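> Predicted model and sequence below, questions to follow.
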Amino acid sequence: MKLAFSTNAYLRHPFDETAARIAAIGYEGLELLADVPHAWPAGLLDGPKRAILDAMAKTGLQFSNVNAFMMNAINDHRQPYWHPSFIEPDPNYRRVRIDHTRRALELCAELGAPHITTEPGGPINPGQTRQEALDLFVEVLKPLAEHAEKVGVLLLIEPEPELLLERTDQYLELADRVNSPALGLNFDVGHAYCMSEDLPKAIAALAPYTRHYHLEDIAATRVHHHLPPGDGAIDFAEVIDAIRKTGYDGWLTVELYPSQEKPDEAARQAYNVLKPLI
């Protein structure tokens, strides 16, 4: 297994500086934020793309993932990460999320990254049943999964508390209906902990579908707030052991976007806790 760090903790720093800082701590890879200020696909010209690849080559880092979940560039007042979602009632606003995801898939392929992660359907809207929301999510995902397969990358869904797919096992509802080899699961350990899932059991059960892991700590209250490993209640020795037993040998990406004031300190603490376990 290999350890990476997400650039979404470094929103106050340009990408080249972010890559250098992450590499200096010891990480082998990074997760590229497909958003402002690092790589918003809709406005990313050839020059900035080359600069991203140059920074990766200079630092020796590899891409663990492209994070297309967050949409700070849209800056929806309700929640800048979730909206617009795949299940927005307004089809034109929904299209913004769809088009962004399509562009992120293309960027992922162009940069040579393995996959993108995206949101699990967004919050269910007032007056919308869960079944209606799921049907709509399947409808919009099928052509995106086809596009992912066409460009040769994976499209990973990340269950999250308060959104359509909250638990890791709910991913199976979606996977069975979309039925695409390009669709996979991004298993976020902190999110699963928030939902009171039995982490070793969930990791084992979802292993056939999991293509990438996000790691962050969560307080014993199970409130959804990302903490550096060691500051919460998750037993990472148990988690890493459970992942190892599945035979997974890919990326474990630390995601600490609330740590923007001191990203180096958060990244270093996470590395010091997790690296000995890996």
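Right, received. Where do you want to start? Numbers count the residues shown, from 1 in each chain.

> Got phi/psi on the spatially most central residue of the chain?
By CA atoms, centre = their mean, the chain has its centre lying nearest to T117, at 4.3 Å. Here the main-chain torsion angles of T117 (degrees, to the nearest 10) amount to phi -110, psi 150.

> got a list of what it touches?
N65, V66, N67, A68, F69, L156, I157, E158, N186, H212, H214 (CB atoms under 8 Å, 6 or more residues apart in numbering). Backbone N, C-alpha and C define where each C-beta goes, glycine included.

> ok, so what distance separates the last one from K142?
Per CB to CB, to the nearest Å, H214 is found 25 Å from K142.

> Can you classify the residue located most distally from the centre of the chain by secondary structure?
Distance from the C-alpha centroid of the chain, by CA atoms, centre = their mean, peaks at G127 (28.5 Å). Three-state call for G127 (DSSP: H, G, I helix; E, B strand; the rest coil): coil.

> any idea how far K245 is from it?
Distance of G127 to K245, computed by CB to CB: 44 Å.

> Tell me which helix or strand F86 sits in.
Following DSSP states H and E, there is no helix or strand that holds F86.

> Output the contacts of T117 as CSV; include the columns secondary structure and distance to H225.
Below are these laid out as CSV (DSSP: H, G, I helix; E, B strand; the rest coil; distance: CB to CB, whole Å):
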residue, secondary structure, distance to H225
N65, strand, 21
V66, strand, 24
N67, strand, 18
A68, coil, 22
F69, coil, 16
L156, strand, 22
I157, strand, 22
E158, coil, 16
N186, strand, 19
H212, strand, 22
H214, strand, 14
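
> Spatially nearest residue to E160 (excluding sequence neighbours)?
Leaving aside its chain neighbours, E160 sits nearest to H191 (5.1 Å; criterion: CB to CB, 6 or more residues apart in numbering).

> again with L141
V178 (5.3 Å).

> Count the neighbours of that neighbour for me.
By other CB atoms under 10 Å, the residues close to V178 number 19.

> repeat for P14
The burial count assigned to P14 is 12, neighbours taken as other CB under 10 Å.

> mind starting the numbering at 31 from now?
Sounds good: first residue 31 from here, last item P44.

> pLDDT score for it?
P44 carries a pLDDT value of 98.

> Hmm, it is touching P67, no?
Yes: counting by CB atoms under 8 Å, P44 touches P67, with 6.9 Å between them.

> Can you list the buried residues in stretch 128-148?
Across stretch 128-148, burial judged by 16 or more other CB atoms under 10 Å covers 128, 130-139, 141, 143-148.

> Show me the helices in the stretch 181-308 of the chain, by range?
In the stretch 181-308 of the chain, the helices defined using DSSP state H, counting those that start in this stretch lie at 201-208, 219-224, 229-236, 266-275, 293-304.

> Deepest-packed of those, please.
Stretch with highest mean neighbour count among the helices of the stretch 181-308 of the chain: helix 219-224 (a mean of 25; mean count of other CB atoms under 10 Å).
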